[in-house]
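J.: I'll drop the sequence and a predicted model, then ask my questions.
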Amino acid sequence: MSLRFFNTLTREIEEFRPIEPNRVRMYTCGPTVYDYAHIGNFRAYIFEDLLQRHLELRGYQVERVMNLTDVDDKTIRGARAQGVPLAEFTEPFKQAFFEDLDSLRIRRADHFPEATAPKYIARMIEMIAVLIERECAYRADDGSVYFRIKSFPRYGALAHFNLDELQATGRVRSDEYEKEEASDFALWKAWDPEDGDVWWESPWGRGRPGWHIECSAMATAILGSQIDVHCGGEDNIFPHHEAEIAQTECVTKMPFVRLWMHCKHLLVDGRKMSKSENNFFTLRDLKAKGWSGREVRYVLAAVKYREPLNFTFESLEAARKALARYDEWFERVRAMAAKTAEPLPSELRPEKFTEALDDDLNVSAGLGAIFELIRDSNRLIDAGELSGGQARALLDWREKFDSVLVLSADEEGIPEEVREMLLRRAEAREKKEWALSDALRDQLLATGWQVKDTKEGQKLSRRG
Ligand SMILES: [Zn+2]
């Protein structure tokens with residue numbers, strides 16, 4: 001059975017056919033490093049991680065790029081507000097982003113190009129020069145260079161709106177804008193005092209690139225003129241990805257991307273996340289409340305990427321319980337597994353997991369299949385009807401699930417953050433800091449672990 005995915009451009013489920021049979025060139029829009037990424041951003045990055053891992057499970061060799069936007073309107077605004085150079089402002093957010101990726105078990109991309117790297121700035125300038133030469137772009141009287149959207153009749157195809165219906169008159173300088181303002185957008189922004197010392201020399205004078213050209217330049221520089229899959233959050237469709245297509249195709253004269261995949265927004269308690277609504281969370285916020293990266297990963301992965309995902313604290317509680325079942329089942333099957341696998345009874349259908357993911361990455365159905373398998377195989381074990389060889393076959397399947405989901409507890413089954421708390425508690429007890437010791441015991445309990453003090457020291461068990 002082949003893999004099938006929904007293509008935002010055609011609005012159809014299509015059979016997956018990369019340019020080269022077994023190789024996948026994948027570009028994923030990364031963070032703008034002006035703040036800590038929030039869990040809505042991470043929903044998209046986890047979706048991309050699941051996609052890559054599933055393609056690999058199906059035998060594809062994936063090369064993935066994720067860019068870091070370290071110069072745009074927002075980063076410049078942030079650096080100015082703090083009164084520090086741009087690079088100094090963005091650096092801690094870059095570091096924090098990588099820590100969060102690790103915590104959420106998101107595989108690092110093969111390339112993390114930074115927009116401000118000289119070779120990519122050079123590539124952007126080169127592309128803009130070609131666009132001007134072909135009259136797809138022009139230098140306006142404000143000194144900036146704009147893309148002429150009328151020169152690209154397919155502009156609007158990705159977001160599915162008709163260029164003729166737009167009142168496309170003026171120009172728009174800011175990186176983000178609404179469909180109603182779909183006007184010529186900035187490729188190169190002439191320096192203005194707001195930019196401070198952020199500028200590069202170009203044939204059109206000092207200035208800086210627009211956000212959209214950054215991705216076109218980095219994608220084609222690393223992966224070539226045509227790529228197989230381009231992903232992002234649905235808010236990237238317009239104007240960002242629409243602009244990427246127009247700029248790139250006017251330069252390369254060939255279709256830029258075969259398959260466009262976009263992940264739906266994340267809601268929190270049924271509402272759009274916003275700082276003013278007090279429902280805005282970074283991974284750090286959730287960890288401070290005692291939730292682990294593994295639990296957050298579970299919640300963000302568990303709903304199919306094209307379905308709305310409503311994040312709640314109940315969903316984290318449910319994740320904790322589901323993970324405990326997943327862990328216990330694994331221990332149980334592992335304890336009885338023989339060396340050689342034997343065919344599974346026909347009522348157990350682990351292949352339903354991979355089939356669900358083949359079908360437009362339906363992780364919700366995939367997890368459903370896993371928990372069905374856990375329930376049915378537990379019942380067989382209870383009845384003494386599962387052989388050691390069959391247990392081995394289940395373990396082999398479990399390895400496949402986990403190569404995509406990455407939900408394993410670590411080696412000894414105790415999460416790293418729990419082990420750390422345990423260590424701190426041992427120290428506290430040594431120093432007779434009983435209040436701290438009790439607080440850590442409560443924190444452990446909130447994380448799903450019960451600690452008892454015995455003559456041999458602390459004994460840890462999963463909360464029942
Ligand atoms: Zn991008």
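T.: Arrived safely, thanks for sending. Numbering: from 1, shown residues only.

J.: how close does the closest residue to Leu367 other than its chain neighbours get to the ion?
T.: Among residues not flanking Leu367 along the chain, Ala302 sits closest, at 5.8 Å (CB to CB, 6 or more residues apart in numbering). (C-beta placed from N, C-alpha, C; glycine too.) Here Ala302 is placed at a distance of 26 Å from the ion (CB to the ion, to the nearest Å).

J.: where does Ile237 sit: helix, strand or coil?
T.: helix (DSSP: H, G, I helix; E, B strand; the rest coil).

J.: ok, Ala159 next?
T.: Going by three-state DSSP: Ala159 is coil.

J.: is it in contact with Ala243, as I believe?
T.: No. In terms of CB atoms under 8 Å, Ala159 does not count as a neighbour of Ala243; the distance is 10.5 Å.

J.: show me where the chain dips below the pLDDT cut-off.
T.: Within the chain, the segments meeting pLDDT under 70 span 1, 163-170, 178-182, 410-413, 415-416, 463-464.

J.: so what's the most centrally placed residue in it up against?
T.: Taking CA atoms, centre = their mean, the centroid of the chain lies closest to Tyr45, which sits 0.0 Å from it. For Tyr45, the contact set (CB atoms under 8 Å, 6 or more residues apart in numbering) comprises Thr28, Ala37, Met66, Leu101, Leu104, Ile106.

J.: now it: which helix or strand?
T.: Per DSSP states H and E: Tyr45 is located in helix 39-57.

J.: just give the nearest non-adjacent residue to Leu380, would you?
T.: Using CB to CB, 6+ apart, the closest residue to Leu380 is Leu386 (4.2 Å).

J.: does the one you found belong to a helix, a strand or coil?
T.: Following three-state DSSP, the label given to Leu386 is coil.

J.: circling back: isn't the residue nearest to Leu367 up against Ser364?
T.: Yes. Between Ala302 and Ser364 there is a contact under CB under 8 Å: 6.6 Å.

J.: ok, those two, which is more surrounded?
T.: Remark: of Ala302 and Ser364, Ala302 carries more neighbours, 20 against 16, as counted by other CB atoms under 10 Å.

J.: what count of nearby residues applies to the closest residue to the ion within the stretch 351-464 of the chain?
T.: As assessed by CB to the ion, the ion sits closest to Leu361 within the stretch 351-464 of the chain, at 20.4 Å. Number of residues near Leu361 (other CB under 10 Å) recorded here: 25.

J.: contacts only, for it.
T.: Phe5, Phe47, Leu50, Leu51, His54, Lys304, Tyr305.

J.: what do you get if the cut-off is 10 Å, keeping everything else the same?
T.: 3-6, 47, 50-51, 54-55, 261, 263, 304-306, 404 (CB atoms under 10 Å, 6 or more residues apart in numbering).

J.: for it, helix, strand, or coil?
T.: Relying on three-state DSSP, one would call Leu361 coil.

J.: ok, Gly205 next?
T.: Here Gly205 is recorded as coil under three-state DSSP.

J.: contact partners for it?
T.: Gly205 neighbours (CB under 10 Å, 6+ apart): Arg139, Gly143, Ser144, Val145, Trp188, Ala190, Trp191, Trp199.

J.: separation between it and the ion?
T.: The value you get for Gly205 to the ion, if CB to the ion is used, is 25 Å.

J.: now that residue: how far from Asp142?
T.: The gap separating Gly205 from Asp142 is 11 Å, by CB to CB, to the nearest Å.

J.: mind listing the shared neighbours of these two?
T.: Ala190.

J.: can you read off the backbone torsions of whichever residue of the stretch 1-150 of the chain sits closest to the ion?
T.: Minimum separation of the stretch 1-150 of the chain from the ion (CB to the ion) falls at Cys29, amounting to 3.2 Å. Cys29 adopts backbone torsions of phi -70, psi 130, taken as degrees, to the nearest 10.

J.: what's the closest non-adjacent residue to it?
T.: Here the residue nearest Cys29, using CB to CB, 6+ apart, is Gly232, at 4.2 Å.

J.: would you give the sheet partners of the helix or strand harbouring the one you found, along with the direction of each?
T.: Using DSSP H and E, Gly232 sits in strand 227-233. Neighbouring strands of strand 227-233 in its sheet, by DSSP bridges, are strand 23-28 (parallel), strand 257-263 (parallel).

J.: how about the residue of the stretch 151-300 of the chain at minimum distance from the ion, secondary structure?
T.: At 3.3 Å from the ion, Cys215 is the closest residue in the stretch 151-300 of the chain, using CB to the ion. The three-state label given to Cys215 by three-state DSSP is helix.

J.: what's near enough to touch it?
T.: Contact analysis of Cys215 by CB under 10 Å, 6+ apart lists 27-30, 65, 67, 69, 113, 115, 230, 232, 236, 240-241, 243-244, 247-248.

J.: list only buried entries from the contacts of Tyr45.
T.: Thr28, Ala37, Met66, Leu101, Leu104, Ile106 (16 or more other CB atoms under 10 Å).

J.: and the furthest pair within those residues?
T.: Farthest-apart pair in the buried ones among the contacts of Tyr45 is Thr28 and Leu104; separation 14.5 Å (CB to CB).
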